[in-house]
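In: Predicted model and sequence follow; I will ask about them next.
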Amino acid sequence: MSVRLPRRWTTAAALGAVLVTTLLGTSPAQAAPLQAAPARAGAANPVISVPQAGSHGFPFLAAAENLGSFGYTESEYFIEGTATSYAKSGLWGSDGRWNVRASGSAAYKSRLLVRRPVDAAKFNGTVVVEWLNVSGQIELSPDYWFARDELLREGYAWVGVSAQSVGVNGGLGEIKGLKGWDPARYGGLVHPGDAFAYDIFSQAGQALRTPDGPDPLGGLAIRTLLADGESQSAGLMTTYANAVQPVSGVYDGFMVHSNSAIAAPISGDLGDILLMPYPSRIRTDLSVPTFVVLTETDVPGASAARQPDTDRVVRWEVAGTAHGDQWAYDLGQPTVIKSAGSAAPQPDCAAGSAPYNDGPGHYAMNAALRYLAGWARGGPRPASGARLDADLRDPATGLAVGGIRLPDVAVPTRTLTGARDTGGSGVFCGLYGARDPWNGDADPWDRHDAADPSDPSFPPRAEPVLSRLYPTHEEYVTKVRAAARASVTAGHLLPEDAATVVTTAQGSGVGG
């Protein structure tokens with residue numbers, strides 16, 4: 001028997017996913033109107049330049065960790081040219097087969113943040129181009145943090161693109177964009193509005209392929225160029241893949257991480273979200289693949305857009321994971337603090353509430369990235385995964401039912417959820433899910449109510465007893481090893497990460 005979550009949980013999760021997906025930071029577009037015409041084929045090639053040092057002496061979002069210790073270097077470049085905005089052409093339906101026409105043009109100047117191997121021999125040929133996320137009113141790179149281990153150990157290059165107006169010009173936050181953060185470095189940037197963001201992202205990819213000016217990749221030869229977006233950026237990536245990729249042809253594959261059931265407007269105007277097809281699925285007739293990865297947080301707000309896996313679209317729903325989690329927070333926060341200081345956005349969860357989800361989301365992203373890169377080069381399609389019911393939970397463990405179940409969930413030691421009670425918390429808190437150690441209900445949130453991740457609904461149930469689940473440490477490790485092997489065989493976990501999972505289990509005190 002399973003139980004359904006309290007409505008307060010499911011509503012918070014769904015609203016959180018929609019909030020972050022649709023918080024489009026827009027500004028009025030000053031554009032020259034065009035006569036109605038088909039969108040051009042291909043993307044323009046922008047001019048590349050190198051910024052001045054500025055008052056900070058480093059780029060916004062410069063890595064806090066020592067990339068040199070991984071054999072990597074970080075640099076920043078400006079791109080500038082004339083961007084095109086798009087409008088719908090014909091009817092748009094839920095199948096994602098969306099046509100566009102050029103609707104305007106405007107001058108722009110934006111930036112690329114580049115992390116790449118120093119030694120060309122270590123470059124694996126794949127460049128991941130991430131649409132930087134601006135939901136927190138400053139630029140963030142969530143998928144770099146989620147997939148950082150895979151990126152650095154396997155020799156990818158990563159490029160963050162300042163595609164949206166909020167990132168450049170500023171929005172509601174204390175930091176007024178790149179231009180406000182360091183006028184000496186970024187004062188010359190120009191962003192004409194989010195209607196042009198899609199083409200700016202196209203031109204960013206084109207600049208990497210055929211640089212007009214200094215080469216951001218330092219001469220590295222691109223084999224595969226992947227576009228990536230998480231959360232709000234995933235909603236934009238959905239629209240890009242469906243409507244813009246067919247006319248730009250810039251990217252070799254798409255990573256859509258944590259989108260909702262409705263894509264971002266092609267106009268860049270938040271109000272036009274009401275005019276987008278619901279649900280907004282990924283078109284299946286692209287010549288390049290799209291990999292959709294959803295956390296447990298995302299599923300309630302994205303399930304309406306479910307579609308069968310095809311030879312061009314695969315969708316994972318990963319149990320025990322969250323839209324934002326402890327891994328991404330711990331890895332990314334030092335970098336955010338380095339640039340933003342006290343203005344850095346925070347989850348702002350209520351004091352005394354359950355800690356953030358520390359589940360296997362990063363392992364899923366590592367695997368998804370490697371499999372997408374191979375798929376885009378003509379390799380096999382990634383494995384499919386079971387659908388997740390984020391509302392239906394095992395009453396004994398509090399874990400969601402179904403979905404891809406990596407070892408943290410298959411051999412559990414704590415409750416991991418994608419949702420959480422958000423009473424007294426900030427707007428972003430619900431996106432971080434929760435974890436609840438199984439310690440005999442000793443935590444202050446173990447009250448058998450909506451704030452208790454392991455037992456959020458009546459009747460009260462005691463947490464599982466680890467010594468009963470795993471009478472010996474050896475038995476626990478054996479089960480983890482078997483679960484890790486099964487996940488690798490299923491195509492949902494990389495061997496390197498499976499080894500880490502087993503080593504962590506061996507070093508734990510679980511069992512007996």
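Out: Right, received. Where do you want to start?
In: Need the pLDDT of the nearest residue to residue 488 once chain neighbours are set aside.
Out: Leaving aside its chain neighbours, residue 488 sits nearest to residue 498 (5.0 Å; criterion: CB to CB, 6 or more residues apart in numbering). Every C-beta, even on glycine, is put in place using the N, C-alpha and C of the backbone. Predicted confidence (pLDDT) for residue 498: 99.
In: what about residue 498, how many neighbours?
Out: 23 (other CB atoms under 10 Å).
In: you'd agree it is in a strand?
Out: No: counting by DSSP: H, G, I helix; E, B strand; the rest coil, residue 498 is not found in a strand; it is helix.
In: roughly how far apart are it and residue 477?
Out: Distance of residue 498 to residue 477, computed by CB to CB, to the nearest Å: 13 Å.
In: now swap in residue 372 and tell me
Out: Applying CB to CB, the value for residue 372 to residue 477 is 31 Å.
In: repeat for residue 351
Out: 36 Å.
In: More neighbours: which of these two?
Out: Neighbour totals were compared for residue 351 and residue 477, and residue 477 leads with 20 against 7 (other CB under 10 Å).
In: chain center to stretch 439-457: distance?
Out: Offset of stretch 439-457 from its chain centre (CA atoms, centre = their mean, to the nearest Å): 29 Å.
In: For that stretch, what is the spacing between the initial and final residues?
Out: One end of stretch 439-457 sits 19 Å from the other (CA to CA, to the nearest Å).
In: mind checking the SS state of residue 114?
Out: Residue 114 ends up strand, using three-state DSSP.
In: Hmm, residue 214 and it touching each other?
Out: No: between residue 114 and residue 214 there is no contact under CB atoms under 8 Å: 10.6 Å.
In: Need the overlap of contacts for those two.
Out: Here residue 114 and residue 214 have residue 77 as joint contacts, going by CB atoms under 8 Å, 6 or more residues apart in numbering.
In: These two: who's more crowded?
Out: residue 114 (22 against 12).
In: Other residues contacting stretch 472-487?
Out: Stretch 472-487 is contacted by residues 405-407, 410-411, 470, 493, 498-499, 501-502, 505-506, 508-512 when judged by CB under 8 Å, 6+ apart.
In: Could you do stretch 440-455 as well?
Out: By CB under 8 Å, 6+ apart, stretch 440-455 touches 6, 8-9, 352-354, 397-398, 414-417, 420-421, 423, 434-438, 456-458, 460-463, 465.
In: Give me the buried positions along that stretch.
Out: Neighbour-count burial for stretch 440-455, counted by 16 or more other CB atoms under 10 Å, picks out 441, 443, 445, 446, 448, 450, 451, 452, 453, 454, 455.
In: Just the CA trace of it, in CSV.
Out: Extracted as CSV, the C-alpha positions of stretch 440-455 are listed here (Å, rounded to 0.1, in the frame of the first residue of the first chain):
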residue,chain,number,x,y,z
GLY,A,440,14.2,7.1,15.6
ASP,A,441,12.3,10.3,14.9
ALA,A,442,14.9,12.3,16.8
ASP,A,443,14.9,15.4,14.6
PRO,A,444,12.9,18.5,15.4
TRP,A,445,10.9,18.1,12.1
ASP,A,446,9.9,14.5,12.9
ARG,A,447,6.4,15.5,14.0
HIS,A,448,4.4,13.2,11.7
ASP,A,449,2.9,16.2,9.8
ALA,A,450,3.4,18.0,6.5
ALA,A,451,6.9,19.2,7.7
ASP,A,452,8.1,15.6,8.2
PRO,A,453,9.6,14.2,5.0
SER,A,454,9.5,10.6,6.1
ASP,A,455,6.0,10.7,7.5
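In: for it, what is the average pLDDT?
Out: On average, stretch 440-455 scores 95.
In: contacting residues around the residue nearest to residue 488?
Out: Neighbour list for residue 498: 407, 484, 485, 487, 488 [criterion: CB under 8 Å, 6+ apart].
In: need the helices for the stretch 351-500 of the chain, in chain order.
Out: All helices of the stretch 351-500 of the chain, identified by DSSP state H, counting those that start in this stretch, fall at 361-376, 407-410, 466-469, 473-490, 495-506.
In: err, the stretch 201-350 of the chain, not the other one
Out: Ranges of helices in the stretch 201-350 of the chain, per DSSP H, counting those that start in this stretch, are 232-239, 245-248, 299-302, 326-340.
In: quick one, which of those helices is nearest to residue 223?
Out: helix 245-248 (18.4 Å; CB to CB).
In: buried ones in the closest one?
Out: Neighbour-count burial for helix 245-248 flags 245, 246, 247, 248 (criterion: 16+ other CB under 10 Å).
In: And for stretch 312-320?
Out: Going by neighbour count (16+ other CB under 10 Å), the buried part of stretch 312-320 is 312, 313, 314, 315, 316, 317, 318, 319, 320.
In: Need the pLDDT of the fifth one.
Out: Per-residue confidence at residue 316 stands at 99 (pLDDT).
In: And the second one, by the same measure?
Out: At residue 313, the pLDDT value in this model is 98.
In: Hmm, residue 282 and it touching each other?
Out: Yes: Residue 313 is in contact with residue 282 according to CB under 8 Å; the separation is 4.8 Å.
In: quick revisit: using JSON lines, please lay out the buried residues of stretch 312-320 together with distance to residue 143.
Out: Compiled in JSON lines, the buried residues of stretch 312-320 are given as follows (distance: CB to CB, whole Å):
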{"residue": "312", "distance to residue 143": "21"}
{"residue": "313", "distance to residue 143": "19"}
{"residue": "314", "distance to residue 143": "17"}
{"residue": "315", "distance to residue 143": "17"}
{"residue": "316", "distance to residue 143": "14"}
{"residue": "317", "distance to residue 143": "17"}
{"residue": "318", "distance to residue 143": "14"}
{"residue": "319", "distance to residue 143": "20"}
{"residue": "320", "distance to residue 143": "19"}
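In: Surely residue 52 touches residue 184?
Out: Yes: the criterion here is CB under 8 Å, and residue 52 meets it with residue 184 at 6.4 Å.
In: most packed of the helices of the stretch 351-500 of the chain?
Out: The highest mean neighbour count among these, using mean count of other CB atoms under 10 Å, belongs to helix 361-376: a mean of 25.
In: pLDDT (mean, whole number) over that one?
Out: 99.
In: With stretch 203-210 instead?
Out: 98.
In: Output it as PDB, nothing but the C-alphas.
Out: Extracted in PDB, the C-alpha atoms of stretch 203-210 (Å, rounded to 0.1, in the frame of the first residue of the first chain):
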ATOM      1  CA  GLN A 203      25.300  33.000 -32.300                       C
ATOM      2  CA  ALA A 204      27.200  31.900 -29.200                       C
ATOM      3  CA  GLY A 205      27.300  28.400 -30.600                       C
ATOM      4  CA  GLN A 206      28.300  29.700 -34.000                       C
ATOM      5  CA  ALA A 207      31.100  31.800 -32.500                       C
ATOM      6  CA  LEU A 208      32.600  28.600 -31.000                       C
ATOM      7  CA  ARG A 209      32.400  26.800 -34.300                       C
ATOM      8  CA  THR A 210      33.800  29.500 -36.600                       C
END
